[in-house]
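Visitor: structural data only, the sequence is not supplied:
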């Protein structure tokens, strides 16, 4: 429509392809217009090009189709390709829009489910120029190129209920088809699959600002920082980012869960993490810098036999430059259902200290938080930031915290090992309840309790190895548990 060879008036840009009835059939179907394309096709390969004057591209395809050149140059003009029952494959040329919405929908209307009806994104990828991108398929979706919405929204749903008439068919994975090359670029992403998203050995590579996901198992790697808007899976969730990780939604992960922030970056948890299972599992939060829980963000393991081994690992790169602290806010409860709870730093957090930073000077700080392990062990190792005052190795319920703190096991061992930072004043190794009004209690029924503190070698006062505040700090055995407390005072002018 509006073919240059047929229109002597170059200023005339009228020309649309409209659908009234019938089907355009061919091995290759080429549709070109200036003001929009609406057609029903039965094409092996489809090319659809719309100019900048106006209109959308709306194609209904009868069966499997390969998209060649599909592009809409009109600003905010949409692109929509829907199969009645068939797969959609894109190739080496990108499917593009000019800040318009791109939607690819692969339906499966066969009750017999004789063949999978999914979407395969080729090396050319999909680029909307900022508009939303929606990929909806009855079966698997393979990302062999970058699905790029710039700062827009990407929604990818495999085994979408609206596209699959066979409810018994649960095929629906989102897979990486291009190795280590980026798969998704967007401001916000929502991924949904009945099977896995990514794979252990080949996670989806994404560059996004925020995302949510639901799948059988979820494996992702992000370039830059990201906000996790909520994760739901009956299996595992593994996520790595080259920037800081924050959360804006809750996590329900019934398998193993790991978050890793590489470089000098933090992990900040602001929402609950829950796990329900009858077999053991792990939670690992590994940050190149600090691991921080905002007030009231909990970790809860449940299910008979489903012990939850929890590790908070700061300063994982152990470069000796920035450090990495661990801080749990008021009201945070980590309940491991009989699993171990480990807070520490470096490559081996069970034996290496979390180290205070300029922003969080205590190595480990628990402000009215609770660690409850049952039969599991609890291990805390921290070292204060050097060159200042009040940099404790471990500070538990100090500095006037209003909520009661608790470190508790039934038969698991409890070990607190802290070293104060070298500086001026109050750089204790382990400090439990130094200022009211509430109490910090370390307690076990039958597991051995050991507290070992070494104060920082500082110039001022009150650099104590172990300080247990009168009336606000308690270390106790409620049964046969033994208690050992060892303190090594630092240098200074007094009270050390």
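Guide: Looks like it arrived, so ask away. Please read these numbers as outputs of a predicted model, since none were measured by experiment.

Visitor: check contacts around residue 100.
Guide: The neighbourhood of residue 100, defined by Cβ atoms under 8 Å, 6 or more residues apart in numbering, consists of 56, 72, 74-79, 128-129, 131. Yep, even glycine has a C-beta here, placed from its N, CA and C like the rest.

Visitor: which two among these are spaced furthest apart?
Guide: In the contacts of residue 100, two members sit farther apart than any others by Cβ to Cβ. They are 56 and 129, at 14.4 Å.

Visitor: I'd assumed residue 128 was in contact with residue 99.
Guide: Yes. The pair residue 99 and residue 128 qualifies as a contact (Cβ atoms under 8 Å) at a distance of 7.0 Å.

Visitor: these two: which has the busier surroundings?
Guide: When residue 99 and residue 128 are compared on other Cβ atoms under 10 Å, the one with more neighbours turns out to be residue 128, at 28 against 16.

Visitor: please report the distance of the more buried one from residue 72.
Guide: Noted for residue 128: a distance of 10 Å to residue 72, by Cβ to Cβ, to the nearest Å.

Visitor: for the residue nearest to residue 305 when sequence neighbours are not counted, which three-state class applies?
Guide: Taking Cβ to Cβ, 6 or more residues apart in numbering as the measure, residue 305 lies nearest to residue 278, with 4.8 Å between them; neighbours along the chain are not counted. When classified by DSSP: H, G, I helix; E, B strand; the rest coil, residue 278 comes out as coil.

Visitor: residues touching residue 278, list them.
Guide: Going by Cβ under 8 Å, 6+ apart, residue 278 touches 303-306.

Visitor: just the pLDDT for it.
Guide: At residue 278, the pLDDT value in this model is 97.

Visitor: same thing with the one 3 residues further on?
Guide: At residue 281, the pLDDT value in this model is 98.

Visitor: swap in residue 460?
Guide: Among the per-residue scores, residue 460 shows a pLDDT of 88.

Visitor: next one: residue 108
Guide: Residue 108 is assigned a predicted lDDT (pLDDT) of 83.

Visitor: what's the neighbour count on it?
Guide: Burial measure for residue 108: 28 neighbouring residues, criterion other Cβ under 10 Å.

Visitor: bridging residues for it?
Guide: Listed by DSSP bridges, the beta-bridge partners for residue 108 are residue 164.

Visitor: how about residue 247?
Guide: Beta-bridge partners recorded for residue 247 (DSSP bridges): residue 228.

Visitor: begin at 574 from here
Guide: Okay, residue one is now 574; in that scheme the one you just asked about reads as residue 820.

Visitor: and residue 837, what does it touch?
Guide: 861-862, 890, 894-895.

Visitor: how close does residue 887 get to residue 841?
Guide: The spacing between residue 887 and residue 841, counted by Cβ to Cβ, is 12 Å.

Visitor: more neighbours, these two?
Guide: Summary of the neighbour comparison: residue 887 and residue 841, criterion other Cβ under 10 Å, with residue 887 having more neighbours (36 against 18).
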